[in-house]
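this one's structure only:
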């Protein structure tokens, strides 16, 4: 009921689908349809509001094509000049070439104006880049005088000229893909096979479940390889062209990049994107992404060379950006959902390699902690709860401080290395040094550091030697799970003094 006019293609309807069922009891719309006569699939349908006074003009149903033409009168007038003609067309991908002539004749007869408006996206035929004539394209790109062609043009006009030149080469030297022929199996076998696959996929011990890990491994392996893709972009130049013609395309791209830097402007085509309705991505121009990478590398190199980048801030920069992105993307106000997302996406960025890198300086400890401190504050504010101190917010959210979690991991690493759970040579870190005489609260797995230099003060052994030697004897000799539970139930065994301010 929200739409006055709704057109649907590939309806898969037949004579068994009644109009009454499709209207679902509504009396505000008329229904017009053109179903496929032979076979499954295809078909077009049009819902039109009664205020539009729709009238059927004609329909066309031939192999591979279904067409429907309806006249509407938006101004509630029956005058010819106020009439709008709506034509809904569906063309099957494997439509025979013999049906093209009747279809063109039909459109010529029902098209009532010289400038029709195409509402739906027309999918052009795809091209076979694997059989393209790359040698001819490279020769033409390399022999073209790009400096003279770009002279006197703005950056937008220059890139438009470059894009048109490349698209002409693609249209000339890249052949169209041939449609795949039918597999030749009877239709009833295909239907039974699809049903069997659905039942098989829903089974408890499906082979698809067992092969899930293999598919993930193949996907990870493909991500590590640079494979040219025939992706779509607003300028219709795929990535594969830049890969195959990189030595010749680098000349005009360099000129375009210099023009963009000199004029401090970017081409208008670089600011457009194709946003998909099915996936949350937008396809941008490949040349703009190449230029962006060049700029980022140049800026980072300049900042590193001139010591303008603070390495300590770089540790938390990505985590802060992830916090802002997540709070903008998640529309929920539930603290439980936001805290779970924080544990999955943000906290691992701050806890990477904590055994090796565990800062002891008060400034670095608080800089890491400020990310979680700021996030919990924003979560409570978003859920309309009164402000609380940081430690009270942690109790409410049921999470620990990052300082405590790092210390806990260091103690677990020392336990694993002493009990042989970690395959690591620790002779340079520490050595077992039991006391000569037994004490009441001492245990036999005490450690000592061979040489404690100022440089090694931040190693895991230096940070945890006192805490480990003061642990109870029953705890250090316990299995791994009771050891971890014992540390969590008594946090003072891990952190005696907190550096959080």
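Perfect, I can see it now. Small disclaimer: the values here were computed from a predicted structure and weren't measured. Numbering: from 1, shown residues only.

And the helices in the stretch 351-500 of the chain?
Applying DSSP state H, counting those that start in this stretch to the stretch 351-500 of the chain gives helices spanning 362-382, 390-397, 402-418, 460-469, 473-476, 480-489.

Lowest average pLDDT across the ones you listed?
For the helices of the stretch 351-500 of the chain, mean pLDDT drops lowest on helix 460-469, to a mean of 77.

Looking at the helices of the stretch 351-500 of the chain, which is nearest to residue 302?
Among the helices of the stretch 351-500 of the chain, the nearest to residue 302 by C-beta to C-beta is helix 362-382 (24.4 Å). Where C-beta positions appear, they are placed from N, C-alpha and C, glycine not excepted.

quick one: buried residues of that closest one?
364-365, 368-369, 371-373, 375-376, 379-380 (16 or more other C-beta atoms under 10 Å).

what's the answer for stretch 58-72, then?
59-72.

between those residues, which is nearest residue 250?
For the buried residues of stretch 58-72, the closest approach to residue 250 (C-beta to C-beta) belongs to residue 64, at 44.1 Å.

Please pull out the lowest mean pLDDT helix or strand from the chain.
Within the chain, confidence by mean pLDDT, DSSP states H and E is lowest for helix 212-223 among all helices and strands, at a mean of 38.

what two of the buried residues of stretch 58-72 are the furthest from one another?
Farthest apart among the buried residues of stretch 58-72 by C-beta to C-beta are 63 and 72. That separation is 29.0 Å.

and the helix or strand that the least confident helix or strand of the chain is followed by, average pLDDT?
Once the chain leaves helix 212-223, the next helix or strand it forms, by DSSP states H and E, is helix 239-244. Regarding helix 239-244, the rounded mean pLDDT is 82.

Then stretch 421-438?
On average, stretch 421-438 scores 76.

buried set for stretch 287-302?
Of the residues in stretch 287-302, 287-288, 290-291 count as buried by neighbour count, 16+ other C-beta under 10 Å.

Nearest to residue 247 among these?
For those, the nearest to residue 247 is residue 290 (14.5 Å; C-beta to C-beta).

tell me the contacts of the closest one?
Contacts for residue 290 (C-beta atoms under 8 Å, 6 or more residues apart in numbering) come out as 242, 253.

pLDDT below threshold where in the stretch 1-150 of the chain?
Along the stretch 1-150 of the chain, the parts satisfying pLDDT under 70 run over 1, 75-81, 112-125.

any chance you could map the helices in it?
Taking DSSP H, counting those that start in this stretch, the helices of the stretch 1-150 of the chain run over residues 19-23, 100-110, 134-143, 146-150.

and what of the stretch 151-300 of the chain?
Under DSSP H, counting those that start in this stretch, the stretch 151-300 of the chain gives helices at 155-173, 187-201, 207-210, 212-223, 239-244, 246-263, 286-305.

out of the ones you listed, nearest to residue 464?
helix 286-305 (33.6 Å).

where in the stretch 201-350 of the chain is pLDDT low?
In the stretch 201-350 of the chain, residues with pLDDT under 70: 201-229, 232, 275-281, 310-312.

Distance of residue 373 relative to residue 43?
When distance is defined by C-beta to C-beta, to the nearest Å, residue 373 is 59 Å away from residue 43.

Next: residue 413.
Relative to residue 43, residue 413 is positioned 65 Å away (C-beta to C-beta).

same question, residue 383
49 Å.

same thing with residue 309?
Distance of residue 309 to residue 43, computed by C-beta to C-beta: 61 Å.

Those two: who's more crowded?
Ranked by neighbour count (other C-beta atoms under 10 Å), residue 309 and residue 43 place residue 43 first, with 23 against 15.

okay, now the spatially closest residue to that one that is not a sequence neighbour: neighbour count?
Counting by C-beta to C-beta, 6 or more residues apart in numbering, residue 43 lies nearest to residue 11, which is 4.0 Å off, once chain neighbours are set aside. Number of residues near residue 11 (other C-beta under 10 Å) recorded here: 19.

Next: residue 308.
9.

Now do the SS call for it.
Judged by DSSP: H, G, I helix; E, B strand; the rest coil, the three-state class of residue 308 is coil.

Find the nearest non-adjacent residue to it, please.
The spatially closest residue to residue 308, leaving aside those adjacent along the chain, is residue 302, at 7.6 Å (C-beta to C-beta, 6+ apart).

how much space between the one you found and residue 256?
Using C-beta to C-beta, one obtains 22 Å as the distance from residue 302 to residue 256.

got it, and residue 416?
Taking C-beta to C-beta, one finds residue 416 at 56 Å from residue 256.

Looking at these two, which is more packed in?
Between residue 416 and residue 256, residue 256 has the larger neighbour count (other C-beta under 10 Å), namely 21 against 16.

quick one: contacts for that one?
Per C-beta under 8 Å, 6+ apart, neighbours of residue 256: 150, 155, 158-159, 162, 267, 287.

at 10 Å instead, please
Going by C-beta atoms under 10 Å, 6 or more residues apart in numbering, residue 256 touches 146, 150, 155, 158-159, 161-162, 267, 270, 287, 291.

Can I get those residues in CSV including distance to residue 34?
Below are the contacts of residue 256 laid out as CSV (distance: C-beta to C-beta, whole Å):
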residue, distance to residue 34
146, 51
150, 51
155, 48
158, 47
159, 43
161, 44
162, 44
267, 43
270, 42
287, 43
291, 48
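
quick check, nearest of those to residue 475?
Looking across these and measuring by C-beta to C-beta, the closest to residue 475 is residue 291, at 58.4 Å.

Spatially nearest residue to that closest one (excluding sequence neighbours)?
Nearest to residue 291 is residue 257, by C-beta to C-beta, 6+ apart, at 5.5 Å.

The one you found: how many residues sit nearby?
For residue 257, the count of nearby residues is 17 (other C-beta under 10 Å).

In this structure it contacts residue 295, no?
Yes: applying C-beta atoms under 10 Å as the test, residue 257 and residue 295 come out as touching, 8.9 Å apart.

Quick one: end-to-end distance for stretch 43-56.
Using C-alpha to C-alpha, to the nearest Å, one end of stretch 43-56 lies 16 Å from the other.

Please spell out which residues along it are buried.
Going by 16+ other C-beta under 10 Å, stretch 43-56 has these buried residues: 43-49, 52-54.

cool, and stretch 378-397?
379-380, 393-394, 397.

ok, now stretch 466-479?
467-469, 471, 475-476.

wait, what's in contact with the nearest residue to residue 53 once chain neighbours are set aside?
Nearest-residue entry for residue 53: residue 73, 4.4 Å, with adjacent residues in sequence omitted and distances by C-beta to C-beta, 6+ apart. Contact partners of residue 73, counting by C-beta under 10 Å, 6+ apart, are 51-55, 79-80, 82-84.
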